[in-house]
Each structure stands twice: as C-alpha cells, then as structure tokens.
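*Asks:* A predicted structure for the sequence below; I have some questions about it.
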Amino acid sequence: MTSASMTNLTDGSHPRPLISREGWLWIGLLVGLFAVLHWSFLYRMWRIATSDNNWSHALVVPLIAGYYVFQQRVKLAAHTTCVCWWGVPIMLLGLYGYAAGIYPIQNDMAQGYSMILMLFGLVLFLLGGRMMSILWFPIVYLVFAVKVSDRIWSQVAAQLQWVAAKCSTVALQLIAVFMPRLEGVENRGSTIDLTFWKAGNLIQEPINIAEACAGLRMLMAFLAMGVALAWLWERPWWQRIVMILLAVPIAVSVNVGRVTVIGVLYTYNRDMATGDFHTFVGMIMLIPAAFLFLLIGWILDQIIVSNDAPARPPAPSATDRSEPQQPISRGLVSIFIVIGILIALASGAVYITMQQIEPPDVAIPSVPVLLTRGAISLMWLLLPPAIMGSIIGLTILPRLMPTAAASTRQVRIALATAVAAAIMATSFAGQSAVIAKTKMVLHKKAVPLRHHLYKMAAVHPWVLHMSEPPLSAELLDELGTRDYITNIYKDTQWPKNQPGQFLRLHVPYYTGTADTVPHVPERCFTAGGAEYQGKSIEVIDVRGPEYRTQDGKTLAFSELLMDYVSIPDTQIRATQFRYAFGSLQSNVIYFFAANGKFLPGPDHVRAQGFDPHDEHAYYCKIELMPGRFIQNQNGNPVFIGMADEQLARQRVESFLAAMLPEIMACLPDWTEVQTGRWPGDRSAIPAPDPNP
C-alpha cells in the first residue's frame with residue numbers, strides 16, 4: 001500500500017488519486033474478510049429487510065453512509081492517515097462481542113452493534129484519529145440498519161399504539177364537529193370506536209391501531225432520516241441535535257395524521273382503510289414528514305445567520321507531498337501477518353479461558369441486579385482480550401519491529417493492514433472451526449405442521465361451539481403468521497350459562513426463526529382497552545383417562561391421528577394473566593410449545609426453548625380463556641372471561657386433559673424432527689385453508 005492510497009498527494013502538476021490501485025486491492029481484501037466474518041448476521045438482516053416492512057429502510061442506510069463518505073472526499077484527502085494501535089483492542093472487543101451475540105446471548109442486536117464496533121476499531125487502527133473525526137458518523141449511522149430486539153420493539157410499539165389512538169381520537173372528534181356523517185368517536189386502549197351514518201343507517205365500527213400502524217416503523221425511518229439530514233449538510237452542532245430530537249415528535253405527529261385520515265376514509269369505504277390503500281396512505285405521509293424536516297432546517301438557519309465563508313479544507317502538507325515512495329518488503333508484510341495471527345490466537349485463548357471461569361458474584365440489591373450481573377458477565381468475557389490487544393499493540397509490536405516504526409507512513413499503513421487482515425482471517429477460521437466442531441446452527445430451518453390447526457378434533461365433553469372470523473390483513477401482519485386458530489369450545493357436561501361452560505382457544509404457530517413472539521395477552525388485551533391486573537406463573541396439571549407412560553414418556557391418544565402422541569410434560573408451567581373491562585374481571589392462561597418443550601413465556605422460549613445445535617425450530621402459543629357469553633347493548637352475544645382464578649385454572653386443566661393430545665397431533669413430533677424423519681419427504685403440505 002502506498003501513501004497515495006490514503007491521501008490525495010500531488011507531484012508537481014500531476015495529482016494522485018485518493019485511493020491507488022494497490023489501495024483498492026487492500027480495501028477489497030479487508031471488505032471480503034469483514035463480510036465473510038459476519039456473513040451470518042448480514043444474511044439475516046438482508047432477509048429481514050426484504051421481508052419485514054418495519055425494517056425495509058435498513059437497505060438504504062448503508063447507501064446514505066456511503067454517500068456521506070463520498071461527500072467528504074475532499075476533507076478526507078486533506079487529512080493525514082496514520083496507524084493508531086488503540087484500534088486493535090476495539091477490534092477485538094467487537095469480534096468477541098459478535099461471538100457472544102451468536103452464543104450464549106443469541107441476539108441479533110448484540111451481533112449487529114458488535115459488528116459496527118469492530119468496524120470502528122478497524123478504521124481507527126488503519127486510518128488514525130484525524131480520519132476518524134470524519135468517518136465516525138457513517139460508521140455509527142449503521143446502527144439504524146440493525147434490527148432492534150423484539151422485546152424492546154414490542155414495549156415501544158405498545159406505547160406508540162396508545163399515543164396514536166389517543167391523539168387520533170381527539171383529532172377525529174374535532175373533525176366530527178364539521179362532518180355530520182361522523183356521529184361519535186370513542187377510544188378504548190389502542191382501538192378507536194367510530195359511530196357514523198351510512199346509507200341511512202347508524203353504524204358502529206372499531207378501528208384497531210395495529211403494531212404496523214403504531215408509528216414505530218415511522219419512528220425508526222424518521223430517526224434515520226433526521227440524522228441523515230442533520231449531517232449531510234453543514235450545520236452547527238446545536239442545529240444537528242435539535243433536528244435529531246425533533247425526529248421523534250415528527251414521526252408521532254405524522255402517524256397521528258395517517259390514522260386520522262384512515263378513520264375519515266373508513267366512514268366512506270372500509271376497503272380504503274385496509275389492504276394496499278392503507279399502505280399507500282402510509283407512504284403518502286412521508287411527503288409531509290420530509291417537508292417538516294426541511295421547514296425545521298430552514299427555521300434553524302434563520303435563527304442565527306452567519307456571514308463567515310465556509311472554511312476550506314487544509315491542503316496536504318509539504319511533508320505529505322514530498323514523502324518518498326518506499327518499496328514494501330514482502331518478508332516484512334509476512335512477519336506482520338504472523339503477528340496478526342498471534343494476536344488473534346492469543347486473545348482467543350484468553351477469551352476461551354475466561355469462559356471457563358465463573359465471573360465474580362457481586363451482590364447488588366434492588367431491581368437492576370439482573371442487568372448489573374449480566375453486564376459484569378459480559379465485561380468478564382470481552383475485556384480481557386481487549387486489554388491484552390492493547391498491551392500487544394501499544395508496547396510489544398513497536399519494539400519487535402523498530403524498522404517499521406522508522407519506515408515511511410505508507411509502509412506502516414500496509415503493515416497495519418496486514419495485521420488487520422490476519423486478525424480477521426484467523427477469527428473467521430476459528431469461528432468456522434468452533435461452529436463445525438460444536439455443530440452449531442446459525443439459521444434454523446422451518447418445520448411444517450403435521451396437520452393444519454383447523455383440523456383439530458373435538459373430544460368429549462368439549463365440542464366446537466364456533467370459530468371466530470378470520471383476522472384482517474393488518475392484524476395478520478401484526479400476528480406474524482397465517483397458521484393459527486381461534487375457536488370457542490363448549491363443555492356439554494357443565495351447568496348451562498355458568499362461568500366456565502365455554503373456553504376460548506387461540507393457537508398461532510411460528511417456525512423458521514428463533515425469535516420470540518411478542519403478541520402475548522398482556523399486549524393484545526390491554527391494546528383493546530383492558531386494564532392490566534397482574535400476572536403470575538402457575539402449574540397446570542394435565543392428565544386425561546387416555547394418558548399412559550411408556551419408556552419414560554407420557555403418551556396420550558389423539559382422535560385426529562387415531563394413535564398415541566407424546567406429551568412433553570403433564571405439569572405445565574403457564575402464565576396466568578388477569579385483566580378487567582370495567583367491573584368485569586377475567587383470567588387468561590397461556591404457555592408455549594417450543595421444540596418439544598412446554599414453556600411459560602416468550603422469554604423462556606428464547607432462553608430455554610432453542611438449543612443452538614438444533615437444525616430446526618418451531619414454537620406456538622397456546623392461549624386459553626374460560627368464560628361465558630353475555631348480551632351486549634345491541635343484543636348480540638359477547639364472550640367474556642371469568643374472575644375466579646382458581647376455577648379458571650380448573651377449567652383450563654379439564655380442557656387441556658381432553659384437547660392437548662389433539663393440539664400435539666397437529667404440531668411436529670420433536671422426536672421425529674431430531675431423528676430426521678420429519679419433515680423428510682412430507683415437508684410440502686398444502687397451504688392453510690383461508691375459510692376452514
């Protein structure tokens with residue numbers, strides 16, 4: 001690598017390019033090694049960005065970062081590159097943070113942020129602090145392309161749903177004053193109840209502010225837009241901070257406008273507020289958002305007007321222009337490649353050694369004890385290799401190679417590049433070897449159902465009373481799957497019209513991903529206007545007359561299969577959620593079936609449900625609400641839950657004793673999956689019947 005590969009040098013009247021041909025070869029090598037080292041995460045983010053509309057903006061983020069680098073090319077050419085050995089420990093910290101994100105953390109967000117940290121250390125190591133004063137922004141900007149953890153996502157979305165529903169209700173109530181056809185607007189949770197005249201009839205219709213409409217999609221996209229607009233134009237630092245802070249209220253306000261427009265359209269044509277037109281309205285709202293950002297930028301420019309001419313970037317120094325081109329010894333490059341390999345191996349040995357030692361147990365009272373201990377454990381794993389990299393980079397290497405220290409700058413950069421390439425190549429080889437040795441699976445394969453859920457048989461004394469209508473396209477998008485049932489069953493032996501005679505069963509099925517489903521009753525029911533009353537983990541005893549034990553396994557007879565199915569556990573730990581609509585209190589009990597296990601909640605699915613060595617992954621939520629039917633104000637029957645917690649558990653136990661074998665008959669048999677007999681040749685089963 002020559003000095004011309006990093007700086008725009010001039011030799012008399014002949015300008016040299018910012019990056020030479022040799023420089024592009026080095027860059028290509030580093031980019032290739034960086035890509036293969038993080039291929040698992042990059043592939044996963046590509047799939048998410050191309051399949052999930054909430055993260056489609058992630059495809060644009062790298063382009064904006066690249067455009068910023070291109071925009072700053074003149075300033076970059078004026079800065080001097082230098083090797084900064086402080087980048088080595090940051091590289092190692094990012095490398096092992098990425099490894100910890102794969103396992104044991106098993107989190108995409110941890111992998112993504114660690115990858116960006118590793119890139120930051122790499123650029124700092126090769127180009128130095130002066131270049132990093134410009135390049136830090138496009139590197140940090142890449143965080144907008146990393147998918148936020150589902151747990152954080154669901155919590156923020158729930159709050160934005162509430163805000164969008166409340167504010168849109170107020171806006172629609174104001175519009176109703178000037179719109180005679182709109183008779184009334186009420187709010188309950190994240191649902192807006194509209195009362196309007198249509199064709200001479202007074203109609204009452206609810207609009208649910210689904211997660212896709214909550215504004216979180218706009219929040220992430222607008223944050224990325226606000227940060228980009230703040231940095232792509234030269235502005236004072238305080239203006240940039242103001243534009244970033246205003247991105248959140250702009251996203252919320254524009255989303256309120258979208259929901260309000262959809263509410264008005266709903267009174268004229270229901271189809272205009274759903275489906276593709278609903279998505280089109282969301283895209284149209286990007287236009288006023290862009291104008292708001294431009295307006296804010298114009299206002300900020302008018303607050304303080306500066307007459308100072310823009311500063312010109314400093315010209316390359318005489319030292320830079322006169323630096324002689326010095327040939328680089330291949331032997332010296334080889335030695336530094338070996339040094340890079342030794343750095344990676346030594347830091348890896350320390351990392352593995354520290355994994356075998358328990359971190360210090362620090363007794364910290366109060367709520368943040370779990371987070372504090374987790375931070376201590378992570379630092380225990382990641383800091384030792386980073387500290388060791390600092391010692392090697394700052395003390396040992398300069399003394400081992402005095403020749404390199406005395407050489408010209410282009411030699412030092414080339415040798416540092418050799419070290420960085422060796423570290424990444426060795427890390428990739430080590431990562432691949434560990435994955436191959438432990439047979440760890442980074443991308444789970446989908447497991448098809450044995451039978452579609454709507455084929456589930458009813459077992460005496462429980463009979464199918466009714467199936468709830470199919471969900472709308474928006475709610476299906478929020479649910480995240482089309483393999484689901486929502487049925488209400490009736491106990492023919494229970495006293496008529498008594499609480500517990502009926503039971504509502506909701507079972508959505510997910511496969512092909514290790515992510516946990518955020519749509520638990522705590523969110524769904526409170527979004528509908530329910531008041532949260534608390535939750536607890538309870539033990540549900542399940543054992544019917546057709547259950548038997550064989551070879552240490554519990555088997556139960558299934559009417560659907562006309563054969564015995566395996567029941568993972570007859571004592572199921574489940575979550576009991578309590579809520580109230582006004583004076584009516586109800587209980588919902590739910591648990592998850594995941595890879596042949598019963599687990600009480602989504603966090604347990606993620607922490608315990610998936611073995612990193614399992615090639616396949618599936619999970620489904622089994623949600624049960626015993627209750628009865630009452631008549632609403634219009635005389636229509638409405639299903640409500642029951643307030644008695646003990647009786648609710650008893651009714652759930654009775655239902656599961658009869659129906660759990662039928663549920664398990666639809667789910668994959670995990671023993672067959674592990675032995676390779678399922679899905680086998682039977683993986684292609686028909687798509688779910690839209691009208692079962």
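*Replies:* Ah, there it is.

*Asks:* which one's the longest helix in the protein?
*Replies:* helix 108-141 (DSSP state H).

*Asks:* And it, what does it pack against?
*Replies:* Contacts of helix 108-141 with other secondary structure elements, assessed using 3 or more CB pairs under 8 Å, 6 or more residues apart in numbering; DSSP states H and E, are made with helix 21-37, helix 39-51, helix 61-71, helix 73-78, helix 87-102, helix 216-232, helix 409-438. (Each C-beta comes from the backbone N, C-alpha and C, glycine too.)

*Asks:* For that helix, give the mean pLDDT please.
*Replies:* What helix 108-141 shows for mean pLDDT is 92.

*Asks:* Buried by neighbour count: which residues of it qualify?
*Replies:* Using 16 or more other CB atoms under 10 Å as the test for burial, helix 108-141 gives 108-128, 131-132, 134-135, 137-139, 141.

*Asks:* Tell me what angle it forms with helix 39-51.
*Replies:* Using axes from the mean of the first three to the mean of the last three CA atoms, to 10 degrees, the interaxial angle of helix 108-141 with respect to helix 39-51 works out to 80 degrees.

*Asks:* What's the first helix or strand after helix 108-141?
*Replies:* Under the assignment DSSP states H and E, the closest C-terminal helix or strand after helix 108-141 is helix 150-177.

*Asks:* Just the helices from the stretch 501-650 of the chain, written as ranges.
*Replies:* Along the stretch 501-650 of the chain, counting by DSSP state H, counting those that start in this stretch, helices occupy 521-527, 602-604, 645-666.

*Asks:* mind giving me the domain ranges of this structure?
*Replies:* Here the domain parsing of the chain from automatic domain parsing is 3-147+333-438, 152-303, 453-679.

*Asks:* Quick one: closest of those domains to residue 444.
*Replies:* Each of the domains of the chain was checked against residue 444 via CB to CB, and the shortest separation belongs to domain 453-679, namely 3.7 Å.

*Asks:* avg pLDDT for the closest one?
*Replies:* Confidence over domain 453-679, taken as the mean pLDDT, stands at 87.

*Asks:* What is the linear distance spanned by that domain between its boundary residues?
*Replies:* Between the start and the finish of domain 453-679 there is a gap of 17 Å, counting by CA to CA, to the nearest Å.

*Asks:* follow-up on the earlier one: let me have the domains of the chain in JSON lines, extended by distance to residue 447.
*Replies:* Written out in JSON lines, the entries for those read as follows (distance: least, CB to CB, whole Å):
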{"stretch": "domain 3-147+333-438", "distance to residue 447": "18"}
{"stretch": "domain 152-303", "distance to residue 447": "24"}
{"stretch": "domain 453-679", "distance to residue 447": "4"}
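
*Asks:* Which one of the ones you listed lies nearest to residue 445?
*Replies:* For these, distance to residue 445 was read as CB to CB. The smallest value, 4.9 Å, belongs to domain 453-679.

*Asks:* quick one on the thing from earlier: and among the helices and strands packed on helix 108-141, the most buried is which?
*Replies:* For the helices and strands packed on helix 108-141, average neighbour numbers computed from mean count of other CB atoms under 10 Å are highest in helix 87-102, which has a mean of 25.

*Asks:* Which other helices and strands does that one contact?
*Replies:* Using 3+ CB pairs under 8 Å, 6+ apart as the contact criterion, the elements in contact with helix 87-102 are helix 39-51, helix 108-141, helix 330-355, helix 369-391, helix 409-438.

*Asks:* Can you give the distance from it to the centre of its chain?
*Replies:* 20 Å (CA atoms, centre = their mean, to the nearest Å).

*Asks:* between that helix and helix 39-51, how many degrees?
*Replies:* Using the same axes, to 10 degrees: helix 87-102 against helix 39-51 is 60 degrees.

*Asks:* Send over helix 87-102 as CSV, restricted to the C-alpha atoms.
*Replies:* Provided in CSV are the C-alpha atoms of helix 87-102 (Å, rounded to 0.1, in the frame of the first residue of the first chain):
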residue,chain,number,x,y,z
GLY,A,87,-7.9,0.4,17.2
VAL,A,88,-6.7,-3.2,18.0
PRO,A,89,-8.4,-3.6,21.3
ILE,A,90,-11.6,-2.1,19.9
MET,A,91,-11.5,-4.6,17.0
LEU,A,92,-11.1,-7.5,19.5
LEU,A,93,-13.9,-6.2,21.6
GLY,A,94,-16.2,-6.1,18.6
LEU,A,95,-15.0,-9.6,17.4
TYR,A,96,-15.7,-11.3,20.7
GLY,A,97,-18.9,-9.3,21.3
TYR,A,98,-20.1,-10.7,18.0
ALA,A,99,-19.2,-14.2,19.1
ALA,A,100,-21.1,-13.7,22.4
GLY,A,101,-24.0,-12.4,20.4
ILE,A,102,-24.1,-15.7,18.5
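
*Asks:* Direction-wise, compare it with helix 409-438 and give the angle.
*Replies:* 20 degrees.

*Asks:* What mean pLDDT does helix 87-102 get?
*Replies:* Across helix 87-102, pLDDT averages out at 87.

*Asks:* quick one: residue 613 and residue 442 touch, right?
*Replies:* No. The pair residue 613 and residue 442 fails to qualify as a contact (CB atoms under 8 Å) at a distance of 11.1 Å.

*Asks:* ok, the biggest strand by length in the chain: who's next to it in the sheet?
*Replies:* Within the chain, and with DSSP state E defining each element, the longest strand by residue count is strand 618-631. Taking DSSP bridges as the criterion, strand 618-631 sits next to strand 502-511 (antiparallel), strand 584-594 (antiparallel), strand 637-641 (antiparallel) in its sheet.

*Asks:* send the alpha carbons of the shortest one over as PDB?
*Replies:* In other words, strand 637-641. Provided in PDB are the C-alpha atoms of strand 637-641 (Å, rounded to 0.1, in the frame of the first residue of the first chain):
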ATOM      1  CA  PRO A 637     -73.700 -12.400  22.300                       C
ATOM      2  CA  VAL A 638     -70.300 -11.400  23.500                       C
ATOM      3  CA  PHE A 639     -67.800 -13.800  25.100                       C
ATOM      4  CA  ILE A 640     -66.200 -12.700  28.400                       C
ATOM      5  CA  GLY A 641     -63.800 -14.400  30.700                       C
END
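
*Asks:* chain center to it, what's the gap?
*Replies:* Taking the mean of its C-alpha atoms, strand 637-641 sits 35 Å from the chain's own mean (CA atoms, centre = their mean).

*Asks:* And for the first one?
*Replies:* Going by CA atoms, centre = their mean, the spacing between the C-alpha centre of strand 502-511 and its chain's C-alpha centre is 24 Å.

*Asks:* Only C-alpha atoms, please: export it in CSV.
*Replies:* The C-alpha atoms that make up strand 502-511 are tabulated as CSV, following Å, rounded to 0.1, in the frame of the first residue of the first chain:
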residue,chain,number,x,y,z
PHE,A,502,-67.2,-22.1,27.3
LEU,A,503,-63.5,-21.8,26.7
ARG,A,504,-61.7,-19.7,24.0
LEU,A,505,-58.6,-21.3,22.5
HIS,A,506,-56.1,-19.2,20.4
VAL,A,507,-53.1,-21.1,18.9
PRO,A,508,-50.7,-19.3,16.4
TYR,A,509,-47.8,-21.3,15.0
TYR,A,510,-44.4,-20.0,14.1
THR,A,511,-41.4,-21.7,12.5
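
*Asks:* tell me which residues in it are buried?
*Replies:* 502-511.

*Asks:* can you check the shortest one too?
*Replies:* Counting neighbours by 16+ other CB under 10 Å, one finds that the buried residues in strand 637-641 are 639-641.
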